[in-house]
Structure formats: structure tokens, C-alpha cells
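Trainee: How does the following fold in three dimensions:
(2 chains)
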Amino acid sequence: MTTLFTILFDGIAYGMLLFVLACGLAVTLGLMNFVNLAHGAFAMAGGYVCAVLVNQSGWPFFAALPLAFVASAAIGVVLERSLYRHLYNRSHLDQVLFSVGLVFMSVAAVDYIMGSSRIFIKLPAALEGQIDFFGVGIGRYRLMIIVICGLLTAALQLILAKTRFGSRLRAAVDDPRAASGLGINVPQVFAFTFAFGCGLAGLGGALSAEILGLDPYFPLKFMIYFLIVVTVGGSSSITGPFLASLLLGIGDVAGKYYVPKMGPFVIYTIMIVILIWRPNGLFGRTAAR
Amino acid sequence: MTAPADVSSLAVSRARWRPAEIAFWILALSCAFLFPSRYLIMTDIVRLALFALSLDLILGYAGIVSLGHAAFFGVGAYSAGLLALHGIVNEPVLALLVAGLAATIVGFATSFLVIRGVDLTRLMVTLGIALLLEALAERFSNITGGTDGLQGIEMQPLLGLFAFDMFGKVGFFYCLTVLFLLFLLARRIVHSPFGLSLRAIRNNPLRAAAIGVPVNRRLIAIYTLAAFYAGIAGALFTQTTALASLDVFSFERSADLMLVLVIGGTGYLYGGLIGAVVFKMLQELFQTITPQYWLFWIGLVLVVIVLVGRARMHRWALWLPNLLIRRFAGRKAVVVVPESDPS
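Mentor: Take a look at the predicted model:
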């Protein structure tokens, strides 16, 4: 019974992490219909910024986290303004080629600057070890992830549903032409959203160094996971990707625990079956774009 | 003249062999005699060209964007490796066909998954299938050798006559012959009414269905055929290198393949062939400049190609040949221009 709870807990932490990593992609891929396979590269950038700040400059971990967000968002906004925006109207093939090219460049560049081995971030002592909670061992680090990611999710949902910016974004996505006719600066909204999504990915990358492992091949290794979250979760709201990432997280942890030999086999099979069953995702809208 | 006669005469005139094409193949054959010390890399190019030809069939002609074409390459490679390792089919040409058929079966089975859904779903499903097969190959390591790959593959002489030599001479001629034969087949297919119907589907599936083209069945057929081609390419890889490891399924292989096709241009069969030559040369060049970081430059090439625009880049590449032809032959250019890309 206790192992079941531990698996559930680890799975939720993992899923939350995946959600923060992938929810930026849910906007670019799901809402703006841009196939951005390079999303993991932004996460990796955030992770490495955090690692350099903590390990080499001696910053405290919690001060480095926002910096990871800012750095990734800055890279995101620069790339969006200079490169990505030219490709919004191009074919999916072009978008795939372009983002794969970016992934390759980021992998080689990080390998060149930081070396190819896995990087660890020094954690503050308060985050190490476990708390005993009614006989269930709960990792402090994972607990922190659940708290941070839970708060972020709630904040995102509020921003999207309640604020003026949220309604602008939803309008711009539903019908860009009508939205710009109403005086909404659609490119600006997209650029801001893109940068915010990249920032979140960077934050996720910094948080995930401990759990997922951070090395130059991070964007390639986890690309499929981000894509699964978005395609399975659909794009009508952020609840879909959120539930999808929880499912994926728990499924992956449980799969690795109960059928370790099957590896990622379970996840891929489930993904293909879901996509065949509902091509627009579990919680997607019915109209295909 | 009635409309059907128009279409068929157009198809026939397009299918005619042009001098440039004949020159291309003579050039390919003469490479074998011009660079006798470079057989290994030339074999590599020929294999890659066949693989790219396979992707061109579904991407350039049917408009299916696949991120996991390495799946069939891998099936072909492992089948050929296992057949040779356990001595089931010793004759390489026969084993090649059997491996190709294995990939065909996998292609046919997965084609039903691929024809469903829109671009994005297709991307995900093709990628998922390749990853799934990679995971399977790792899982059943008692058959596939796991991460070490198949070891100790020994190839029997071709047709019982020509033994594979260490300089790769026999391997090269073997691959080139297979490429040429399969190219002839592909050329015949894309110029047939079947091929024309594929283009109709690529340009607009709804309209194609409206004029009576059975869209799904055509897509299944071409996807299965492309799987056969990819399987053959994979089997050639195993037979000429005596290797088959997990990286035959890797995402990088599928991504590189797209780059090959994009360099050469989609939708006119020679794209994959020319792309393979350019890609391998670029790779060689980058690997000699920066052995560890050549991936960066490959990525840069991809980004630049997309930003410049594929159609524009091919116009630039064809500018000089077209100018020469206009100047000296006094007629319109006959150099094949890549067709517009699927959107």
C-alpha cells in the first residue's frame, strides 16, 4: 500500500513537472498550430543557466530559479521576433525542419560549451531527504515541485480565464483576423505568450535537472514526452494538457516500477492508441484545424 | 482531342527519358571507376539515396510528413542481419527481398494508423512507431543483441559468385544496381495513372476524393511501397556493413533523411539522390572541421534552408544550368524543377 502511495506521489510530481515543461508547447503547438520540436531546447537553456549560477557563481537555488525563467523567456522572445514569426504561415514540414535544426544546433552548442556529461545542481540541504508522512516516504524535493507547479497551474488557469490578457489570447487564437479587427495586437500577444511559455519551460528545466537528468541531449530525449502531453491533452484549455501530463507521469513511474523491462513501450502504445481513437486528443475540441 | 487522351499523352511525354537523366546515371556509374579508393563512402551515399527515394515517394508524391521513417529502415536492417546471422536465407539478394518484405508487412500494418488524422497526428504516430520499435528492439535483447547490436554477421557471396571485399567494391556495385532497379520501378510508378492520382491527393485530398480517387487505399498502397524501399535500404546497410544496432531506429536518422530530401528537393525522384550526395559531402566536410560538433552545422543548414525557402533555393541552384541551356540550346530549360511543396 505504501509503495502504491509513493508511486502515486512520485508520478504526480513527475507529471506536474512535465506540465510546466510542456504547457508552453501547448500554446505554440495546440493553439498557434506551430510544430515546435525545439521546445525542449528552451527547457535545457533554463536548466543550464540555473546550474551555472548555483554551481559556479554560488547563487542560492531559489534565487537562480527565477533567473532560469527570465533567461529562457529572453531567448524565446529574441528567437520569436527574429526567426519563428516568419514561419507561422508555412507548412508543417517547414516548421518541423526548422525546429529540428534548432534542436541540433542547441545540442551541439551546449555540448561545446558545457561538455557532454550529465549536470547536477547543488540543492540546499532543506530540500534533501524525505519526510515521513503516515508511513509514506515523501521526498522533500518532489513535494516542493508539486507545490510550485500546483501554484503555477492555478495561476495560469486564472490568468487565462480571468484577466484581460487571457481573453485577448483566447480571441487571437480562435480567430486572428477578427481579433486584430477588434484592435488586439495579435503578433504582440503571440510573442508574449511564446516567451512566457519558453520561460516556464526554462523553469521546468531547472527544476527537472534533479529528476529527469540534464545533459545536452535533453531536448531530443524528452521531445516525445512534451508532444504526448500536448497531442493527448488537446488544446481547448490548459486542463487537458494538465490531466494528460499527470496521466503520463503516473503511468511512466508506475510502468517503470511494475514492468521495468517494457521500458517506454507502455507509454508509446498508449499514445498511439489514444491518437487513433481521438486524433484531436482526449480533451481536444472536435473541429480539426 | 478528348480530355483523357490529353492526360495520357501528357503523362507519356513526362515519362520519356531525358538526356540529363541518362547523363546522371552514366555519371553515377563512372564514379565507381573515377574514385576507386572511396567505395565505402560512395556505398553510403547510394544507400542513403535509396532511403531518401523511399521518403520522397510518400512525402513528395503523397504529401505524408513522416518523422519516423527510420522504423522501416530498422526493420529491414534487423531482418537482413538476423537472416544472415542464423543462416536462414544465405543468399544476399534473396535475403534482401525477404527483409524488404518484412518491412512491407510492418508498413502495411502501420499504414492504417498513419492515414487517420491530420498532419500533426501523422507526425506523432510515425514518430511513435519508430520509438516503439526501438523500445521493442531494446527489450528483446536476446534476439537483437540490445544496445550492442547484432554481432558476428558474415555475408555469403552475392549470387554465390562475388564475395564482399574489404574495400567495398562489390558492395558498391551491388547497392548501385539495387538503387537503379528500384529507381526504374519508382519512376514507372510515379508516371503511371496511379502516380498522378497520388499527386492529386497531395494537392487536395477532398477534390481527389470527389473525382473518384480512393484516397485511403492509394495512401495505404504508397505508404506500404515506401516501407518496402526503406526496408531494402536498411537491409543493404546491414549487408554491406555487417552491422545492425539500435541506432537504425533513431530519430536522428529520420531527421537526417528529411534534410537529405529537403536539400535535393521533393517530388521529382532525383531529389533524394542529389540530396544524398550533397548531404554526405557536407557531413564529411563538417566532420573534418569539427569532429565532435558537426551536428551544429547540420542544424544550421536546416534552419537556413527553411528561412531562405526551399523553392527559392532550388531556383538559385538551377539558375546557372538553365542559363546555359537557354544560351546554347536556344530553347526553354529542360532541367527538372522541383514541384511546389505540400502545405
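Trainee: Residue A:132 - that's part of a helix, no?
Mentor: No: under DSSP: H, G, I helix; E, B strand; the rest coil, residue A:132 falls outside any helix and is assigned strand.
Trainee: which residue packs closest to it, ignoring adjacent ones?
Mentor: Closest residue to residue A:132 apart from its sequence neighbours, by C-beta to C-beta, 6 or more residues apart in numbering or on different chains: residue A:138 at 7.7 Å. Glycine gets a C-beta too; all of them are placed from N, C-alpha and C.
Trainee: On the three-state scheme, the one you found is what?
Mentor: strand.
Trainee: and it, what are its bridge partners?
Mentor: Beta-bridge pairing for residue A:138 (DSSP bridges): residue A:131.
Trainee: Would you enumerate the residues in contact with it?
Mentor: Going by C-beta atoms under 8 Å, 6 or more residues apart in numbering or on different chains, residue A:138 touches A:6, A:9, A:130, A:131, A:132.
Trainee: hmm, which of those residues are the buried ones?
Mentor: Among the contacts of residue A:138, those classed as buried by neighbour count (16 or more other C-beta atoms under 10 Å in any protein chain shown) are A:6, A:9.
Trainee: Does the residue of the stretch 151-289 of chain A found nearest chain B lie in a helix or a strand, and which?
Mentor: Using C-beta to the nearest C-beta, the single residue of the stretch 151-289 of chain A nearest to chain B is residue A:279, 3.5 Å away. Per DSSP states H and E: residue A:279 is located in neither a helix nor a strand.
Trainee: what's the burial count for it?
Mentor: Using other C-beta atoms under 10 Å in any protein chain shown, residue A:279 has 18 other residues around it.
Trainee: which residue packs closest to it, ignoring adjacent ones?
Mentor: residue B:117 (3.5 Å).
Trainee: and that neighbour, which of the three is it?
Mentor: Under the three-state scheme (three-state DSSP), residue B:117 adopts coil.
Trainee: Might one say that it is in contact with residue B:65?
Mentor: No: counting by C-beta atoms under 8 Å, residue B:117 stays clear of residue B:65, with 11.9 Å between them.
Trainee: Which phi and psi values does the residue of the stretch 151-289 of chain A closest to chain B adopt?
Mentor: Per-residue torsions, residue A:279: phi -60, psi -20 (degrees, to the nearest 10).
Trainee: residues contacting it?
Mentor: Taking C-beta under 8 Å, 6+ apart as the test, what residue A:279 contacts is A:288, B:116, B:117, B:118, B:121.
Trainee: Whatever residue of the stretch 101-250 of chain B ends up closest to chain A: neighbouring residues, count only.
Mentor: Using C-beta to the nearest C-beta, the single residue of the stretch 101-250 of chain B nearest to chain A is residue B:117, 3.5 Å away. By other C-beta under 10 Å, the residues close to residue B:117 number 19.
Trainee: and it, what does it touch?
Mentor: Taking C-beta under 8 Å, 6+ apart, we find residue B:117 in contact with A:275, A:276, A:279, B:125.
Trainee: partners of residue B:162 in the sheet?
Mentor: Beta bridges link residue B:162 to residue B:158, judged by DSSP bridges.
Trainee: And the contacts of residue A:279, which two are furthest apart?
Mentor: A:288 and B:116 (11.3 Å; C-beta to C-beta).
Trainee: Residues of the stretch 101-250 of chain A that sit close to chain B?
Mentor: Within reach of chain B by C-beta under 8 Å from any C-beta of the partner chain, the stretch 101-250 of chain A has these residues: A:101-109, A:111-112, A:220, A:223-224, A:227-228, A:231.
Trainee: so where's the stretch 51-200 of chain A uncertain?
Mentor: A:135 (pLDDT under 70).
Trainee: where along it do the helices fall?
Mentor: In the stretch 51-200 of chain A, the helices defined using DSSP state H, counting those that start in this stretch lie at A:61-82, A:92-114, A:140-162, A:164-174, A:176-181, A:186-208.
Trainee: and of those helices, who's closest to residue A:247?
Mentor: With distances scored as C-beta to C-beta, the stretch of the helices of the stretch 51-200 of chain A nearest to residue A:247 is helix A:140-162 (14.8 Å).
Trainee: Give me the packing partners of the closest one, helices and strands only.
Mentor: Contacts defined by 3 or more C-beta pairs under 8 Å, 6 or more residues apart in numbering or on different chains; DSSP states H and E place helix A:140-162 against helix A:2-25, strand A:130-133, helix A:164-174, helix A:186-208.
Trainee: circling back to that earlier point, quick check, nearest of the contacts of residue A:279 to residue A:205?
Mentor: Of all the contacts of residue A:279, residue A:205 sits closest to residue B:121, with 27.1 Å by C-beta to C-beta.
Trainee: just so I have it, where are all the helices in the stretch 51-200 of chain B?
Mentor: Using DSSP H, counting those that start in this stretch, helices in the stretch 51-200 of chain B cover B:70-85, B:92-114, B:119-139, B:141-144, B:169-190, B:193-203.
Trainee: a markdown table for those helices, including mean neighbour count?
Mentor: Output for the helices of the stretch 51-200 of chain B, formatted as a markdown table (neighbours: other C-beta atoms under 10 Å in any protein chain shown):
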| stretch | mean neighbour count |
| --- | --- |
| helix B:70-85 | 29 |
| helix B:92-114 | 20 |
| helix B:119-139 | 23 |
| helix B:141-144 | 14 |
| helix B:169-190 | 18 |
| helix B:193-203 | 19 |
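Trainee: closest to residue A:24 out of the ones you listed?
Mentor: helix B:119-139 (16.7 Å).
Trainee: Next, the angle helix A:92-114 makes with the closest one.
Mentor: Counting by axes from the mean of the first three to the mean of the last three C-alpha atoms, to 10 degrees, helix B:119-139 lies at 50 degrees to helix A:92-114.
Trainee: Residue A:70 and chain B, how far apart?
Mentor: Per C-beta to the nearest C-beta, to the nearest Å, residue A:70 is found 25 Å from chain B.
Trainee: Show the contacting residues for that residue.
Mentor: Residues near residue A:70 by C-beta under 8 Å, 6+ apart: residue A:199.
Trainee: circling back to that earlier point, of the helices and strands packed on helix A:140-162, which is nearest residue A:253?
Mentor: Proximity to residue A:253 (C-beta to C-beta) singles out helix A:2-25 among the helices and strands packed on helix A:140-162, at 4.0 Å.
Trainee: Enumerate the residues of the stretch 1-150 of chain B near chain A.
Mentor: Within reach of chain A by C-beta under 8 Å from any C-beta, the stretch 1-150 of chain B has these residues: B:59, B:65, B:67, B:113, B:116-121, B:123-125, B:127-129, B:131-132, B:135-136, B:138-139.
Trainee: So which of the helices and strands packed on helix A:140-162 has the densest surroundings on average?
Mentor: Most buried of the helices and strands packed on helix A:140-162, by mean neighbour count (mean count of other C-beta atoms under 10 Å in any protein chain shown): helix A:186-208, with a mean of 25.
Trainee: next helix or strand past that one?
Mentor: Scanning forward in sequence from helix A:186-208 by DSSP H and E, the next helix or strand is helix A:218-233.
Trainee: Now do that following helix: distance to the chain's middle.
Mentor: Centroid separation between helix A:218-233 and its chain, computed with C-alpha atoms, centre = their mean, to the nearest Å, is 8 Å.
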